[in-house]
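>>> dropping the sequence and predicted coords here.
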Amino acid sequence: MNYSRLKDLRIYEDLSQQKIADMIQCHLHSYRNYENKSWDTMPLSKALVLAKFYNVSIRYLFCETEVSEKYAIQQNEITKRMRYMRKKNGFNQEEMAAKLFCSTLTYKRYEADALDMPMGPVISLARIYHITPDFLIGEGNILEF
């Protein structure tokens, strides 16, 4: 996936890049990068703000689906689901760090406070576990997968 709907949704809502940057509390330059080429570096916390604002799912926001699903994320579920999926699949934190090409310390930080995780690793984890990014971050029933 090399595309997001950040620009399309912003234009549809007739908002400036500065307005969105202010809303997610980042520099204009950073938001421009998220919108144009570096969406996978956007922290999950900022992606959640945008998904909620546009009332769409993370999957829709980052083009994992063509269906405009509604926002319904339970933020307290993110770290629980990360640990659950790791253990269910028989991985330890060191193995997951290697799969994500990051340090073990970085992966442990993701599991402790997933809201600071960039979107790239969120998408990668979902692909490793064969689940949707929305499920991983707390949207959807665990029994559905």
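Thanks, I have the structure now.
>>> find the nearest non-adjacent residue to residue 21, please.
Leaving aside its sequence neighbours, residue 21 sits nearest to residue 31 (Cβ to Cβ, 6 or more residues apart in numbering; 3.9 Å). Heads up, the C-betas are built off the backbone N, CA and C, glycines and all.
>>> show me what contacts the one you found?
By Cβ atoms under 8 Å, 6 or more residues apart in numbering, residue 31 lies in contact with 17, 20-21, 24.
>>> again with residue 43
Counting by Cβ under 8 Å, 6+ apart, the residues that residue 43 touches are 115-119.
>>> selection in ChimeraX covering whichever of the residues you listed are buried, please.
Buried residues within the contacts of residue 43, by 16 or more other Cβ atoms under 10 Å, are selected in ChimeraX with:
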select :117,118,119
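>>> nearest to residue 56, of the contacts of residue 43?
Of all the contacts of residue 43, residue 56 sits closest to residue 119, with 14.3 Å by Cβ to Cβ.
>>> verify the stated contact: the closest one with residue 39.
Yes: Residue 119 is within contact range of residue 39, at 6.3 Å (criterion: Cβ atoms under 8 Å).
>>> overlap in contacts of those two?
Here residue 119 and residue 39 have residue 62 as joint contacts, going by Cβ under 8 Å, 6+ apart.
>>> related to what we said a few turns ago, now the contacts of residue 43 as a markdown table including distance to residue 66 and secondary structure?
Formatted as a markdown table, these follow (distance: Cβ to Cβ, whole Å; DSSP: H, G, I helix; E, B strand; the rest coil):
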| residue | distance to residue 66 | secondary structure |
| --- | --- | --- |
| 115 | 27 | helix |
| 116 | 29 | helix |
| 117 | 25 | coil |
| 118 | 24 | strand |
| 119 | 19 | helix |
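>>> just the contacts of residue 43 now: which is nearest residue 13?
Nearest to residue 13 among these: residue 119, at 20.2 Å, using Cβ to Cβ.
>>> follow-up on the earlier one: need the contacts of residue 31 in CSV (columns: neighbour count).
Converted to CSV, these look like this (neighbours: other Cβ atoms under 10 Å):
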residue, neighbour count
17, 17
20, 24
21, 19
24, 18
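>>> those in helices, which ones?
Those of these mapping onto helices are 17, 20-21, per DSSP state H.
>>> thanks a lot, catch you later.
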